[in-house]
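K.L.:
Predicted model, plus sequence, below.
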There are 2 protein chains.
Amino acid sequence: MTKRLYIQDVATRDGFQIEANFIPTEDKIALIDRLSETGLAKIEVTSFTSPKAIPNLRDAEEVMRGIRRVPGVVYTVLVPNVKGCERALACDVDEVNLVMSASDTHGLANLRMTPEQSLLQFGEIIEVTRGTDVFINASLSTAFGCPFEGEVSDTRIHELIQRLVEIGVQGITLCDTTGMADPAQVERLCRHAKNHWPDAVFTAHFHNTRGMGLANALAALNAGIDRFDASLGGLGGCPYAPGASGNICTEDLVHMFQRMGLDTGVDLDRLLQCAASLPELVGHEVPGAVLKAGKADRRYPKPKWMEV
Amino acid sequence: MTKRLYIQDVATRDGFQIEANFIPTEDKIALIDRLSETGLAKIEVTSFTSPKAIPNLRDAEEVMRGIRRVPGVVYTVLVPNVKGCERALACDVDEVNLVMSASDTHGLANLRMTPEQSLLQFGEIIEVTRGTDVFINASLSTAFGCPFEGEVSDTRIHELIQRLVEIGVQGITLCDTTGMADPAQVERLCRHAKNHWPDAVFTAHFHNTRGMGLANALAALNAGIDRFDASLGGLGGCPYAPGASGNICTEDLVHMFQRMGLDTGVDLDRLLQCAASLPELVGHEVPGAVLKAGKADRRYPKPKWMEV
């Protein structure tokens, strides 16, 4: 029962991009270097978007070139278009992560592209990667619901997965972008995906916006998913829910899986040390629970009066 | 697939007892009266402990006698000893909730009684209830681990459940007192309990100390548990983990179950209105996520530039 799970941290991309303050380049590199030593399967290092669109990640090249790459760790970057992909390839990334929405309104609002336009563009991006061995992942935003349109049907998600597979995408991340997913939906959609596209590499990406993050991860696990995006400290957020929690927290996820007797490959203590550095780095408290409460195997001293 | 679930709120007992400030009696009564209208199956109104031990609940009689009791809602109270039970019976409670620990050290630290001593005392309390139709529930603290001793074996929990059933306890609450449980353990222990004591009424009681609260509730559900303790707003806490979350949050739990298509009997909007009154009542923010983020079916307006 020690099934191997793959934990993928997105804090330095999904988290840092929405921080109020720019995290200095050398601090980003130092954190990623420490994360590389924890046993994470993948690190989403940064995003090759326009510096105007996401000023916090304007140092994408410096960060990607500055980190010490540990064999076995996949270094992925978000790539929004052909130009971003060319920049990423110039930095010798292991993977490019393309992003699209499953719903028109979110796609237009967030990327200024409908799903159809995104798929067209993905084809162009994939062309640019020909002849390289870079892995092509696509993140499907609003796969469990759209904050503008509401429900996104399972049928629509199945259709988009099929289209992605057909154009040559190798990995697909099902993203609960704004924390709308529930465990029944997650189990249903993930099980279908695993059964119908056995050769695609699926990742589950949850947000804890409504407190269901780890319950959804559990449901995905039960459906056969073995790859999980999560964010150190629970950094990240939802622009539509101010004050709400963001991505599920990497150390909380690893802690839960380890308590369940599952093999995450991650050294939780090292990971917690990384997380402990975050509040100072970002200038505020972070949502992670295990960082505050300690691991479940933490022992407390008896009350003093009992010793007498 | 619309299995009926029973949601039991413990905020006015488990939550209020550890608040820094005394909640005025009339405010307690007003909140319970509003909770009674939400469709909750049970409300743990207060605790008939010594006013010296828990000054915040020193108004137990006034609260229990002051509330407007809605038919169908079970009004339960915590009872620590024979005297507390006599006080509770004088207030015509529907249920008494007896508390013991599964571990010696936590029992001694929290109740000044070992499990054996608690069981003896439970016998005396049950004697006092003879001739009444009050329901006898027992809450088994540290059923998923002890913050002093660590692991508590499944065998030990099975043994204690058997002893409780033998002395006439009708309902048993398996409590993850300090948030140590993980979903695999929860599913295993709950499934065994449901299978081996089919006539006992089991409740699962989780804390969100390490972020696993709703994942554990999901695991208990998968194991056949249909009764859940939770605390409005996520009030409550763990004295051993300052700053950590307390009980799982009632409205977050109901929200998750409703999204899954399950019947909780609860009017979530009314429940959220109750939760919304908490920050002013207790003088601080509360952990509940849905209160901050809105329900998952919340729709956001398109960005303004898209309307042009």
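P.N.:
Received it, and whenever you're ready, just let me know what you need. Numbering: from 1, shown residues only, chains lettered A, B, ... in the order given.
K.L.:
residues near A:T129, how many?
P.N.:
Other residues within reach of A:T129, judged by other C-beta atoms under 10 Å in any protein chain shown, total 18. Heads up, the C-betas are built off the backbone N, CA and C, glycines and all.
K.L.:
confidence score at it?
P.N.:
Confidence at A:T129, expressed as pLDDT, is 98.
K.L.:
what does the stretch 1-150 of chain A put close to chain B?
P.N.:
Neighbours of chain B within the stretch 1-150 of chain A, by C-beta under 8 Å from any C-beta of the partner chain: A:105, A:108-109, A:145, A:147-150.
K.L.:
top of those residues by neighbour count?
P.N.:
Comparing these by number of neighbours (other C-beta under 10 Å), A:P147 comes first, having 25 neighbours.
K.L.:
Tell me if I'm right that that one and B:K295 touch.
P.N.:
No: using C-beta atoms under 8 Å, A:P147 makes no contact with B:K295, being 11.7 Å away.
K.L.:
And stretch A:205-220, end to end?
P.N.:
The straight-line separation of the ends of stretch A:205-220 (C-alpha to C-alpha, to the nearest Å) is 10 Å.
K.L.:
Read off the pLDDT value for the nearest residue to A:C91 once chain neighbours are set aside.
P.N.:
The spatial neighbour of A:C91 that comes closest, neighbours along the chain excluded (C-beta to C-beta, 6 or more residues apart in numbering or on different chains), is A:M64 at 4.1 Å. As predicted, A:M64 sits at a pLDDT of 98.
K.L.:
Just the buried positions in the helix or strand that contains A:M64, please.
P.N.:
Using DSSP states H and E, A:M64 sits within helix A:60-66. Across helix A:60-66, burial judged by 16 or more other C-beta atoms under 10 Å in any protein chain shown covers A:60, A:63-64, A:66.
K.L.:
Closest to chain B out of those?
P.N.:
Taking C-beta to the nearest C-beta as the measure, chain B lies nearest A:A60 of the buried residues of helix A:60-66, at 25.0 Å.
K.L.:
Let me know the distance separating the closest one from A:G233.
P.N.:
A:A60 is 21 Å from A:G233, where distance means C-beta to C-beta, to the nearest Å.
K.L.:
Then A:T114?
P.N.:
From A:T114 to A:G233 the distance is 34 Å (C-beta to C-beta).
K.L.:
try A:A289
P.N.:
For A:A289, the distance to A:G233 - C-beta to C-beta - is 10 Å.
K.L.:
any common contacting residues for these two?
P.N.:
Residues touching both A:A289 and A:G233 (C-beta atoms under 8 Å, 6 or more residues apart in numbering or on different chains): A:C249.
K.L.:
Would you agree A:W197 is in contact with A:I161?
P.N.:
Yes: counting by C-beta under 8 Å, A:I161 is a contact partner of A:W197 at 6.1 Å.
K.L.:
Name the residues contacting each of the two.
P.N.:
Joint contacts of A:W197 and A:I161 (C-beta under 8 Å, 6+ apart) are A:I172.
K.L.:
which residues does the closest residue to chain B within the stretch 1-150 of chain A contact?
P.N.:
Nearest to chain B, among the residues of the stretch 1-150 of chain A, is A:P147, at 4.7 Å (C-beta to the nearest C-beta). By C-beta under 8 Å, 6+ apart, the contact list for A:P147 reads A:106, A:177-178, A:180, A:240, B:298-300.
K.L.:
which of A:T114 and A:G233 has more neighbours?
P.N.:
More neighbours surround A:G233 than the other of A:T114 and A:G233, with 28 against 16 (other C-beta under 10 Å).
K.L.:
what sits against that one?
P.N.:
Shown in contact with A:G233 (C-beta under 8 Å, 6+ apart): A:11, A:15, A:249-251, A:275, A:278-279, A:286-288, A:291.
K.L.:
Just the ones of those residues in helices?
P.N.:
A:250-251, A:275, A:278, A:291 (DSSP state H).
K.L.:
Low-confidence ranges, chain A, go.
P.N.:
A:1-2, A:238-244, A:308 (pLDDT under 70).
K.L.:
Show me the helices in it, by range?
P.N.:
All helices of chain A, identified by DSSP H, fall at A:25-35, A:60-66, A:82-90, A:104-111, A:115-129, A:154-166, A:183-196, A:213-222, A:250-259, A:268-276, A:278, A:290-293, A:304-307.
K.L.:
Looking only at the last one, what residues are buried by neighbour count?
P.N.:
Along helix A:304-307, no position meets the burial threshold by neighbour count (16+ other C-beta under 10 Å).
K.L.:
Show residues contacting it.
P.N.:
Contacts for helix A:304-307 (C-beta under 8 Å, 6+ apart): B:105, B:108-109.
K.L.:
Kindly report the same for the longest one.
P.N.:
Applying C-beta under 8 Å, 6+ apart, the contact partners of helix A:115-129 are A:79, A:81-82, A:85-86, A:89, A:96, A:98-104, A:107, A:111, A:113, A:136, A:138, A:160, A:163-164, A:167-169.
K.L.:
now the shortest one
P.N.:
Residues outside helix A:278 that contact it (C-beta under 8 Å, 6+ apart) are A:11, A:232-233, A:235, A:286.
K.L.:
same check, this time on the third one
P.N.:
Residues outside helix A:82-90 that contact it (C-beta under 8 Å, 6+ apart) are A:47-49, A:60-61, A:64, A:77-79, A:96, A:121, A:124-125, A:128-129, A:132, A:134.
K.L.:
change it to 10 Å
P.N.:
A:45-50, A:60-61, A:64-65, A:76-79, A:81, A:93, A:95-98, A:121, A:124-129, A:132, A:134, A:136 (C-beta atoms under 10 Å, 6 or more residues apart in numbering or on different chains).
K.L.:
Name only those of those that count as buried.
P.N.:
Neighbour counting with 16+ other C-beta under 10 Å marks A:45-49, A:60, A:64, A:76-79, A:81, A:93, A:95-98, A:121, A:125-126, A:128-129, A:134, A:136 as buried within the contacts of helix A:82-90.
K.L.:
if you look at these, which of them are in strands?
P.N.:
A:45-47, A:76-79, A:95-98, A:136 (DSSP state E).
K.L.:
Report the contact partners of the residue most central in space within chain A.
P.N.:
Nearest to the mean C-alpha position of chain A, counting by C-alpha atoms, centre = their mean, stands A:D229 at 3.5 Å. Going by C-beta under 10 Å, 6+ apart, A:D229 touches A:6-10, A:14, A:42, A:44, A:97, A:139, A:173-175, A:203-207, A:217, A:236, A:247-248, A:250, A:253.
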